[in-house]
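Colleague: Requesting a structural model of the entry that follows:
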Amino acid sequence: STTTSAWVWSTQSSTSPAAEAPPSGHNGLVMDELSHENQQELPLEGVAEMLAAVDRTREAEPGYSARDIERWVREDYHNKYRSHFERDRARVLHSSALRRLAAKTQVVDPGADDFARNRLTHSLEVAQIGREIGRLMGCNPDVVDAACLSHDLGHPPFGHNGETELNALAGDIGGFEGNAQTLRLLVRLEPKVIAPDGSPAGLNLTRAALDATCKYPWRASEAPQQADGTRSRKFGVYEDDLPVFEWMREGAPARTKCLEAQVMDLADDISYSVHDVEDAVAAGAVRLSRLKDPAQRERVFDKTREWYLPGAEDAEMDEALTRLENAPEWASEMRGSRQDLARLKDMTSQLIGRFATSAVAATHRVTGSDPLTRYDASLVVPHETDVQIAVLKGIAVTYVMTERDSQVVYDRQRETLRLLVEAMMDSDGRYLAPEFRGDWHDVGGGPGAEALRLRIVIDQVASLTDTSAVRLHHRILGTDRRLGDTPLW
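Modeller: I've put the predicted structure just below:
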């Protein structure tokens, strides 16, 4: 049976496939034959022959069906010694969209601080946490890993500020949503596989891996209603990506995330809450001891309620924060010494472990010890854990995000994106990257052409990093005189 209480979590532990026990069958044989001792005796052509004899693509992984390993576009693999899900993870890891996250805002602007996370480092940490939770649940670790690496791919320049602006600019064509944009990147925009009819198929992930990336499995018109009667702004697919979305969701319960997507979502929440507080403390933006002040405490509770827990009472948030403060690893005071930084890192590790193991244990108490995948069960996150995670997020919002968002730079970021969209629309695609320019000219004329071109422009702008968006903005306005640029528009 599964024993979660004996599990010791460490964010420093290795989670790479090489660090885990080798799988049985052909792959186990290959790993044995390619051990350090045998490498010196086995000729190179012998290794190639042995790898060529291994075919790990014939059968699905344990816990997954033949449908789960299907791809939107059928492929013939040159190398068959990798599993379908290992291939999925590798495709995301090597994608240009993942690399671009290094220059996209997480909480602090990229480059503003050598310590703080950017969206790429955040995604890598989410993948490490998610992989471990998924493994303990019985999910394939590579499926969860690929989903976690993918979860922020669709975010535009300037974080949620940029997402808000692009949604406004795209209001007449179905809006903009970072999660729907992630799906669009994976199935269309990221160059890897081309269908026989010449249309792009993105990374062409397996059905299981693609479904694991989907946090909001519904269209904008089907989004759930909120307490005020309006529909949530979160959705997972644009109308023109519906065919592949419907293929991905074949046989899935309506409006329900698969277990791997739930694990990814929890890993994101854990990483976001704990690491953003770590970054804020290390940067001197907040001293956790200040939270003893009732006025500061009230500020955090107000932001937590506004952003994450509408309707939550001060009493339950106070109880959650008190439990955090009473933990021996809580770093209430920081003076910047090496010992203080070590204590801060220990705090993050302990909190990650506590939140992760609480969900694993709670789920197995309901389902038993059998391995779980896909739609076998729902992840159970204790309410106490949910509230503690939300309060930590509220600390980051209060002392980092709110302060940043109140600055003049907030409006300038949105102005930058507005100008880029206007310039690209008014110049017949002149400032588009070659691949987007080709899409632009393929549209032709007729009804709906303008809407199609606006979506292409939104795709292009969303793919920019914070740095490249500002650079292109400067070039268009001719403000970067030291480079000798003249106005382009």
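Colleague: to the chain's geometric centre, what's the distance from stretch 447-467?
Modeller: Put simply, stretch 447-467 sits 21 Å off its chain's centre (CA atoms, centre = their mean, to the nearest Å).
Colleague: can you check stretch 125-145 too?
Modeller: Centroid displacement of stretch 125-145 relative to its chain, using CA atoms, centre = their mean, is 13 Å.
Colleague: now the residue nearest in space to the middle of the chain: how far from residue 216?
Modeller: When CA atoms, centre = their mean is applied to the chain, the residue found nearest the centroid is residue 151 (2.1 Å). For residue 151, the distance to residue 216 equals 12 Å [CB to CB, to the nearest Å]. Heads up, the C-betas are built off the backbone N, CA and C, glycines and all.
Colleague: Next: residue 201.
Modeller: Separation of residue 201 from residue 216 (CB to CB): 22 Å.
Colleague: just residue 89 next, same as before
Modeller: Taken as CB to CB, the span from residue 89 to residue 216 is 22 Å.
Colleague: More neighbours: these two, which one.
Modeller: In this view residue 89 and residue 216 are compared by other CB atoms under 10 Å, and residue 89 has more residues nearby, 27 against 23.
Colleague: What residues does the residue nearest to the centre of the chain make contact with?
Modeller: Listed by CB atoms under 8 Å, 6 or more residues apart in numbering, the contact partners of residue 151 are 123, 126, 182, 213, 215, 264, 268.
Colleague: Next, count neighbours for the first one.
Modeller: Put plainly, it is residue 123. By other CB under 10 Å, neighbour count at residue 123 equals 25.
Colleague: what does the last one give?
Modeller: Using other CB under 10 Å, the number of residues around residue 268 comes to 22.
Colleague: Report pLDDT for the nearest residue to it once chain neighbours are set aside.
Modeller: Excluding the flanking residues, the one nearest residue 268 by CB to CB, 6 or more residues apart in numbering is residue 126, at 5.1 Å. We have a pLDDT of 97 for residue 126.
Colleague: next one: residue 232
Modeller: Residue 232 carries a pLDDT value of 91.
Colleague: Next: residue 141.
Modeller: pLDDT for residue 141: 97.
Colleague: for residue 58, same thing?
Modeller: For residue 58, the model assigns a pLDDT of 80.
Colleague: how many neighbours does it have?
Modeller: Here the count is done by other CB under 10 Å, and residue 58 has 8 residues near it.
Colleague: Which helix or strand contains it?
Modeller: For residue 58, there is no helix or strand it lies in under DSSP states H and E.
Colleague: State the phi and psi torsions of it.
Modeller: Backbone torsions of residue 58, given as degrees, to the nearest 10, read phi -80, psi -30.
Colleague: any idea of the mean pLDDT in the helix ranked longest in the chain?
Modeller: Counting by DSSP state H, the longest helix found in the chain is helix 338-367. On average, the pLDDT along helix 338-367 is 96.
Colleague: Enumerate the positions of it that are buried.
Modeller: 341, 343-345, 347-364, 367 (16 or more other CB atoms under 10 Å).
Colleague: Any buried residues in stretch 379-387, and which?
Modeller: 379-381, 385-387.
Colleague: okay, stretch 293-302 in CSV with CA atoms only?
Modeller: Provided in CSV are the C-alpha atoms of stretch 293-302 (Å, rounded to 0.1, in the frame of the first residue of the first chain):
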residue,chain,number,x,y,z
ASP,A,293,1.0,44.2,13.1
PRO,A,294,-2.8,44.0,12.9
ALA,A,295,-2.9,46.7,10.2
GLN,A,296,-0.5,44.8,8.0
ARG,A,297,-2.3,41.6,8.6
GLU,A,298,-5.6,43.2,7.5
ARG,A,299,-3.9,44.4,4.3
VAL,A,300,-2.9,40.9,3.4
PHE,A,301,-6.3,39.5,4.2
ASP,A,302,-8.0,42.1,2.1
